[in-house]
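Q: need a structure here:
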Amino acid sequence: MGIVIIGLGPGNPAHLTREADQILRQADAVYLRTGRHPILPYVQTCCGKVYTFDHVYEEKDTLPEVYEAIAGELMRMARERAGADVYFAVPGHPLVGEVTTQLLLERAPAEGIEVRIVEGLSFIEPTLTALGLEFLQGVQVVDALDLITQPYPRIDPERGVIVGQVYSREVASDVKLTLGELYPDEHEIALVRAAGTAEQEVRHIPLYELDRQPAIDHLTTVYVPPLPYGCSWEGLQTIVARLRAPDGCPWDRKQTHRTLRTHLLDEAYEVLDALDRDDTDDLCVELGDLALQIALHIQIAREEGEFKPTEVFAGIISKLRRRHPHVFGDVKVRDAEEVMVNWEQIKRQERGAEDHRRLFEGVPASLPALSQALTYQERAARVGYEPADGGRLNQLFQQWLAVADGDEELLGELLFALVDSARRRGINPENALRVANARFAERFQETQEAGS
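A: Coordinates of the predicted model:
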């Protein structure tokens, strides 16, 4: 017993493969996933008994339920036919955009049911022909439903994109909004309908008009031409690699991780400055400058064999997935505070049994002294360690803070006055606070060692 999945092509009978045509003529009955396909009349002339699963679309609420039901029914028929094959026909190619095929390939073998694929032209080939595209020149192919349900559009705007299965105005609207996150509203796209058939139509329209077109149905495909070169992370990394090539820029070629250190810090502070000024236009520029620094370090590491670019992103993506089990797992949380508690617990699990003596490891030595002091104190407080009472000076601070009563501006004035007082006495406040941080870290270390 087995299930033979036949690719019906884009709709023109002339595009059927010879094998598919022979099977359709010899089969006693053929089951079509849907009868909404231009080739249906031809199939009916080839085979006396033609059935469709269109009624399942009416009975089920979601497409996943439809595909599950169809796969289940086909497997039931295969079990009951005692050696006879079940012929199941789908639009295009059985392995292009056919969830039912995937379900059958995954589940049928476990029940001793053989699945055979009969090739067919997918919607891709006639779309390429209609638009005169060379597929191997970087064209991407995505499913409309996959595209619109992702939290971020996973496509490269520097390469052309074919979006298949834009089968309704609602889907077209969602596709437009999703593409609008990467492309200008006026970006010209191609709307292709019934590619490879006598009814083929190609319209070139601006992106914002996508869902305003009169004829959008199950035969509709969208092609999005690439944006000008240099508008993605890959584009930036390519430019940086070119700058550091043997015939590139002398300045870029001589840079190292260490020589770029101050540039990285400067660009980070300029990003913070744009944030503080609520200047989103400047923020866009400064984030680009900061991204350049990251790209330079990645390229240097690539050249030196220190790590691959993919390792940078794989590392942080893996960490985010591990530390957000309430998003990517089945952990339940009530609020942001509980998220932070879980985050710290996961960090401890990753590092093994936490050694409090190593609590300050990972705090950058180059961190500004004030931020370093805050980080030290927060980490020490997690294990119940608080700074020692500073006597009269501490009392003065407490009195001032009582007056300020959480007023950030007054606290800022206190810190400013302290800096001014230090300046007048020839003391560098940054260095002074670093010394205090080091002393605090030493006292903490001694306390933890004494208690171990």
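
Q: Helix or strand with the lowest mean pLDDT in the chain?
A: The weakest-scoring helix or strand in the chain, judged by mean pLDDT, DSSP states H and E, is helix 391-404 (a mean of 62).

Q: what's around L24, how many residues?
A: 24 (other CB atoms under 10 Å). (Each C-beta comes from the backbone N, C-alpha and C, glycine too.)

Q: what's the closest non-adjacent residue to it?
A: Spatial nearest neighbour of L24, excluding adjacent residues (CB to CB, 6 or more residues apart in numbering): C46 at 4.2 Å.

Q: The one you found contacts D21, doesn't it?
A: Yes. Between C46 and D21 a contact is recorded at 7.4 Å, counting by CB atoms under 8 Å.

Q: got the buried residues for stretch 308-323?
A: Within stretch 308-323, the residues scored as buried using 16 or more other CB atoms under 10 Å are 309, 323.

Q: Just the C-alphas of that stretch, formatted as CSV.
A: Output of stretch 308-323 as CSV, limited to C-alpha atoms (Å, rounded to 0.1, in the frame of the first residue of the first chain):
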residue,chain,number,x,y,z
LYS,A,308,33.2,33.2,12.7
PRO,A,309,30.6,36.0,12.1
THR,A,310,27.8,33.4,12.6
GLU,A,311,29.2,32.5,16.0
VAL,A,312,28.5,36.1,17.2
PHE,A,313,24.9,35.9,16.4
ALA,A,314,24.4,32.2,17.3
GLY,A,315,25.8,32.9,20.7
ILE,A,316,23.5,35.7,21.6
ILE,A,317,20.5,34.0,20.0
SER,A,318,21.1,30.8,21.9
LYS,A,319,21.5,32.8,25.2
LEU,A,320,18.2,34.7,24.6
ARG,A,321,16.3,31.5,23.9
ARG,A,322,17.7,29.8,27.0
ARG,A,323,17.0,32.8,29.3
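
Q: surely G97 meets A144?
A: No. Contact criterion CB under 8 Å: G97 and A144 do not qualify, at 9.6 Å.

Q: which residues are in contact with both of the two?
A: Jointly contacting G97 and A144 under the rule CB atoms under 8 Å, 6 or more residues apart in numbering are 164-165.

Q: Need the contact partners of stretch 137-148.
A: If you take CB under 8 Å, 6+ apart as the criterion, stretch 137-148 is touched by 63, 97, 124, 128, 133, 153-156, 159-167, 171, 174-175, 177-178, 222, 226.

Q: before we move on, what about stretch 248-258?
A: 240, 242-246, 296-297, 300-301.

Q: okay if I get the residues you listed as a markdown table plus distance to H326?
A: Output for the contacts of stretch 248-258, formatted as a markdown table (distance: CB to CB, whole Å):
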| residue | distance to H326 |
| --- | --- |
| V240 | 36 |
| R242 | 42 |
| L243 | 42 |
| R244 | 41 |
| A245 | 45 |
| P246 | 49 |
| L296 | 35 |
| H297 | 32 |
| I300 | 37 |
| A301 | 33 |
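
Q: Any chance of a ChimeraX selection covering the buried ones in those?
A: Command for ChimeraX that selects the buried part of those, burial taken from 16+ other CB under 10 Å:
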select :240,243,244,296,297,300,301
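
Q: Could you work out the most separated pair of the contacts of stretch 248-258?
A: The most widely separated members of these are P246 and H297, with 19.8 Å between them, by CB to CB.

Q: The closest residue to V333 other than its chain neighbours: what secondary structure?
A: Nearest non-adjacent residue to V333, counting by CB to CB, 6+ apart: H326, 4.5 Å away. Using DSSP: H, G, I helix; E, B strand; the rest coil, the structure places H326 in helix.

Q: list the buried ones in the helix or strand hosting L104?
A: Element membership for L104 (DSSP states H and E) is helix 99-107. The neighbour-count check on helix 99-107 (16+ other CB under 10 Å) flags 99-101, 103-105 as buried.
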